[in-house]
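*Asks:* give me a 3D structure for the following:
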Amino acid sequence: QVQLVESGGGLVQAGDSLRLSCAASGRTFSNYAMGWFRQAPGKERGFVAAITRSGSITSYVDSVKGRFTISRDNAKNTVYLQMNSLKPADTAVYYCAATTHWGSAVRTERSYDFWGQGTQVTVSS
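*Replies:* Sure thing, here's the model as predicted:
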């Protein structure tokens, strides 16, 4: 089992920045690629970003490219999502998740084995 706990969400204005953190415990963190997903009210949960086990390769949904950055610190068992130039459309509950897969699979929820409880991000206009 891997336990994941997100933090860093909040209420911000359009154009502001936030950094989400996801702390992992349990099995060896560096054995897992990590992803961030989000779910807006009335919508399905969707892929945001992912990072390989070593942190050398990242993947993003087009809508956040150039604004969001995923990173990880394997010594601290933590993955981050730096979110800049936030828009009201970014309002959602953000979840981190762990997977043993990579490639196109990281964009799919069912590829992930473990999930956090989510943290709310609200961007006002």
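*Asks:* now the strands for the chain?
*Replies:* Listed in chain order, the strands of the chain (DSSP state E) span residues 2-7, 10-13, 18-26, 33-39, 46-51, 58-60, 68-73, 78-83, 92-99, 114-115, 119-124.
*Asks:* any chance you could list what contacts stretch 71-82?
*Replies:* Taking C-beta atoms under 8 Å, 6 or more residues apart in numbering as the criterion, the residues outside stretch 71-82 that touch it are 17, 19-25, 29-30, 34, 36, 48-49, 51, 54-55, 68-70, 94, 96. C-beta here means a position set from N, CA and C on the backbone, and glycine is covered the same way.
*Asks:* give me the distance from that stretch to the chain's centre.
*Replies:* Distance of stretch 71-82 from its chain centroid, counting by C-alpha atoms, centre = their mean, to the nearest Å, is 10 Å.
*Asks:* give the buried residues for it.
*Replies:* Across stretch 71-82, burial judged by 16 or more other C-beta atoms under 10 Å covers 72, 77-81.
*Asks:* from residue 6, how far off is the spatially most central residue of the chain?
*Replies:* Note on the chain: the residue nearest the mean C-alpha position is residue 36, at 2.2 Å, using C-alpha atoms, centre = their mean. For residue 36, the distance to residue 6 (C-beta to C-beta, to the nearest Å) stands at 9 Å.
*Asks:* ok so, going back, could you dump the strands of the chain into CSV and include distance to residue 108 and mean pLDDT?
*Replies:* Written out in CSV, the entries for the strands of the chain read as follows (distance: least, C-beta to C-beta, whole Å; pLDDT from 0 to 100):
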stretch, distance to residue 108, mean pLDDT
strand 2-7, 18, 97
strand 10-13, 28, 98
strand 18-26, 19, 96
strand 33-39, 10, 98
strand 46-51, 7, 98
strand 58-60, 12, 97
strand 68-73, 17, 98
strand 78-83, 18, 98
strand 92-99, 9, 98
strand 114-115, 13, 98
strand 119-124, 22, 98
